[in-house]
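Trainee: Quick one, what's the 3D model for this:
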Amino acid sequence: MGKAVDAQVETSLAEAESRGACLHSYSELVHKDLRRRRKLGQVVEPLPGLYARKEYWKGLGPEERAMHKIRGLSRLRPGWVLCGPSAALVLGASVSWSCLDPIEVVSPCGRGSLLGGKVRGRYASEADAYGVYNDGIWTTSPLRTALDCARRLLFRDAVGVVDSLMANGLFSKEGLLSYLDGLPGGFRGVAQARRVAAFADERSGSGGESIARAAMWELGFAAPELQVRFEDPVDGSEYFVDFLWRLSDGRVLVGELDGGEKYVNPKMTGGRSALEVMRDERRRESRVTASCDAVVRFSPADVADNWRFSQLLDVFGVPRDHEPLVVVEPPDEEPPTEEVPLEAYGI
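Mentor: Sure thing, here's the model as predicted:
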């Protein structure tokens, strides 16, 4: 392969990276060079005809990888309209990692497998498929996207998507319910979509908090208040807690989702080290406990384990007000205890 083509591919890969996209093989010469590089292990091919440098790809998170594929696909197939979780991700929604693949697109021919199974076609009529243009990418409308996610995804994942779409100001809860009421009779999955819409709340602080709240509900626990303001009794600064329950005996319980990202994501750490963030969190919690009776902390892993999460909330006295909607059974074996490094305690 000539030096000119090699230089052209290098430039094109760098340009695609600057756009946050996979490179599509736009000419036969480029295609051959990229295939050669793939055989040598220099590039990966996440979708047929879309490429990225191997080392660059390894450094991307699941959402970043999904968006790279979507941006590349929008050039490889410019007429395609994304739908479902793929459209939700483009619209800025919080989408569970388990829902990122395969990419979903509107298909007039109905459900089917495209591009070697890496893309899934979903049927929608021409009117339903009317899309919006977002940064060079076509998606179904926010309301249609919410409908498709709410009727097809698991309840927890669907709540995460709809909460975040509302939080982004793309529609209101009333607007979504009105849209669902206007669907023709017998529309598949609309009952499930109504349950998600009725439960959705734009005040949720993150997709993880939305999933945790939905898990609480499925496990039979009372819906908490969200993003409740607390005042620091020492300096008067404001804190907002993720969840709060006011018990009939006057006690106040606070729930906090303890995701690991806030310790390592530069956008959330504000330049602080993980140890500094953890110390600030401990200080914040000590001030919050001055105005409540207990703080129950839990991780995404806790939320994903119905038995563990149910036991944890019960121990802290989180109230129940309905029967569990899912089966909650103890595990066959106790999982190994995760060791916490001494650095976590500031030692």
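Trainee: All the strands of this structure, residue numbers only.
Mentor: 23-24, 43-47, 50-53, 81-82, 103-106, 112-114, 119-122, 131-134, 137-140, 225-231, 238-246, 252-257, 294-298 (DSSP state E).
Trainee: Name the residues that touch the fourth one?
Mentor: Strand 81-82 is contacted by residues 70, 87, 90, 103-106, 129, 131, 137-140 when judged by Cβ atoms under 8 Å, 6 or more residues apart in numbering. From N, CA and C alone the C-beta is placed, and that goes for glycine too.
Trainee: And the third one, by the same measure?
Mentor: Counting by Cβ under 8 Å, 6+ apart, strand 50-53 makes contact with 13, 16-17, 22-25, 34, 37-38, 42-46, 68-69, 72-73, 76, all of which sit outside it.
Trainee: re the thing from before, if you rank the contacts of strand 81-82 by neighbours, which is first?
Mentor: Highest neighbour count within the contacts of strand 81-82: residue 87, with 32 neighbours (other Cβ atoms under 10 Å).
Trainee: so who does residue 159 touch?
Mentor: Applying Cβ under 8 Å, 6+ apart, the residues near residue 159 are 196, 199, 200, 210, 211, 213, 214.
Trainee: whoops, I mixed them up, residue 222
Mentor: Per Cβ under 8 Å, 6+ apart, neighbours of residue 222: 216, 245, 318, 319, 320, 321.
Trainee: Buried subset of those, written for PyMOL?
Mentor: Of the contacts of residue 222, the buried ones go into a single PyMOL selection, burial set by 16 or more other Cβ atoms under 10 Å:
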select buried, resi 216+245+318
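Trainee: Could I get the contacts of residue 222 in CSV, plus columns for distance to residue 294?
Mentor: Listed next are the contacts of residue 222 as CSV, based on distance: Cβ to Cβ, whole Å:
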residue, distance to residue 294
216, 16
245, 10
318, 10
319, 13
320, 16
321, 19
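Trainee: Dump the contacts of residue 222 to a markdown table, plus distance to residue 236 and pLDDT.
Mentor: As requested, the contacts of residue 222 are exported to a markdown table (distance: Cβ to Cβ, whole Å; pLDDT from 0 to 100):
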| residue | distance to residue 236 | pLDDT |
| --- | --- | --- |
| 216 | 31 | 98 |
| 245 | 25 | 98 |
| 318 | 29 | 98 |
| 319 | 31 | 97 |
| 320 | 36 | 97 |
| 321 | 35 | 96 |
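Trainee: what are the ranges of the helices in the chain?
Mentor: 3-19, 28-39, 54-58, 62-76, 84-90, 142-152, 155-167, 173-181, 190-199, 207-218, 266-269, 274-288, 300-304, 306-315 (DSSP state H).
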